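*Asks:* sequence? don't have it. structure:
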């Protein structure tokens, strides 16, 4: 399987910087793993879109869009599970 290029939306990078310092390495590791497999076990497709998914990382969620034709994915949001869908 081809590797995907990971792009971060500037707002997602700001959200990542606002997370707890202990959580950031785990979140980054899980998102980097999406480069080799953008659809791992436990991924959920969000309703109302054909290409937006979310992955659970502990109490946090990462929402990303997969662009299969360009072999890239864009991280849209990284927030606590209670705030991510607002």
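*Replies:* Now that the structure is in, tell me what you want to look at. Every value quoted in this text rests on a predicted model; they were computed, and no experiment measured them.
*Asks:* Contact partners for residue 57?
*Replies:* 23, 26-27, 30 (C-beta atoms under 8 Å, 6 or more residues apart in numbering). The way it works is simple: take the backbone N, C-alpha and C, and place the C-beta from them, glycine included.
*Asks:* again but with residue 40, I slipped
*Replies:* 33-34, 55.
*Asks:* Where does pLDDT dip in the chain?
*Replies:* Low-confidence segments of the chain, defined by pLDDT under 70: 1.
*Asks:* what sits opposite the spatially most central residue of it in the beta ladder?
*Replies:* By C-alpha atoms, centre = their mean, the chain has its centre lying nearest to residue 62, at 3.5 Å. Note on residue 62: beta-bridge partners residue 55, residue 78, judged by DSSP bridges.
*Asks:* hang on, it packs against residue 31?
*Replies:* Yes - if you go by C-beta atoms under 8 Å, residue 62 and residue 31 touch, sitting 5.7 Å apart.
*Asks:* Now do the shared contacts for those two.
*Replies:* Joint contacts of residue 62 and residue 31 (C-beta under 8 Å, 6+ apart) are 55, 75, 78.
*Asks:* most neighbours, which of those residues?
*Replies:* residue 78 (28 neighbours; other C-beta atoms under 10 Å).
*Asks:* Same list (the contacts of residue 40) but as JSON lines, adding distance to residue 71.
*Replies:* Converted to JSON lines, the contacts of residue 40 look like this (distance: C-beta to C-beta, whole Å):
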{"residue": "33", "distance to residue 71": "16"}
{"residue": "34", "distance to residue 71": "12"}
{"residue": "55", "distance to residue 71": "18"}
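*Asks:* Helix or strand next in line after the top helix by length along the chain, which one?
*Replies:* If you go by DSSP state H, the chain has its longest helix at helix 24-33. As assigned by DSSP states H and E, the chain's next helix or strand after helix 24-33 is strand 44-45.
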